Structures are given as C-alpha cells and as structure tokens.
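K.L.:
task: produce atomic coordinates for the following.
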Amino acid sequence: MHDPDLLEWEADHDRVVVSHDYRTMLHHYQMRLLAGKRSPGLLVATQKKSTGEVAESIIFLWSAYTPDELEGQAFHLPSLIPHVFVW
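P.N.:
Model (predicted):
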C-alpha cells in the first residue's frame, strides 16, 4: 500500500500510523494536512533502537495523550520529539 493510501485508510478507521519510513511518510503526512484532510496521528520510529524501546514510547504516548491531542501530530520514536512541519 502506498503512503497516501495508508494515511487515507488510517483516517477512515481512526487509527494512528506507526512507520519506519522517515523519507517519504512525513512528506505525505504533511501534504495530507496541508490539503485540509484529517489524520489521527503519525509515529515515526527509528530502526536504530530496539523494538522494546519503541514499544515503551508508544505506551507512554497512549497513556499521556488523548486521541484529540494526537490528531494531526507526528512524533519521532523512541525520543517522543514532536515533528515540526515547516509550512
């Protein structure tokens, strides 16, 4: 499935996407938001960290944020740094 299709699916099913694809997913996510389309959120995980570290950061986000707070946001995992889009 291509990135834009996956982002459309996640919005239709109210799911947050977790991806390793820094190179293209962030771009497609930003284009989606610029087009005025909604997104429940995007979590971009580095492949340089263990699955456990990434899972812990996902659990932390799940416990610390409401779905409304994740809406339209992208986070880098496992650092939890929000991605800042340059508009």
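K.L.:
how many neighbouring residues does the residue nearest to Ser79 when sequence neighbours are not counted have?
P.N.:
The shortest distance from Ser79 to any non-neighbouring residue, by C-beta to C-beta, 6 or more residues apart in numbering, is to Ser57 (7.6 Å). Quick note: C-beta positions are derived from backbone N, CA and C, even for glycine. By other C-beta atoms under 10 Å, the residues close to Ser57 number 19.
K.L.:
list the contacts for Ser57?
P.N.:
If you count contacts by C-beta atoms under 8 Å, 6 or more residues apart in numbering, Ser57 has them with Ala45, Leu77, Pro78, Ser79, Leu80.
K.L.:
pretty sure the second one contacts Phe60?
P.N.:
No - counting by C-beta atoms under 8 Å, Phe60 is not a contact partner of Leu77; they are 9.6 Å apart.
K.L.:
more neighbours: which of the two?
P.N.:
Using other C-beta under 10 Å, the more surrounded residue of Leu77 and Phe60 is Leu77, with 22 against 13.
K.L.:
how near is that one to Glu8?
P.N.:
Applying C-beta to C-beta, to the nearest Å, the value for Leu77 to Glu8 is 22 Å.
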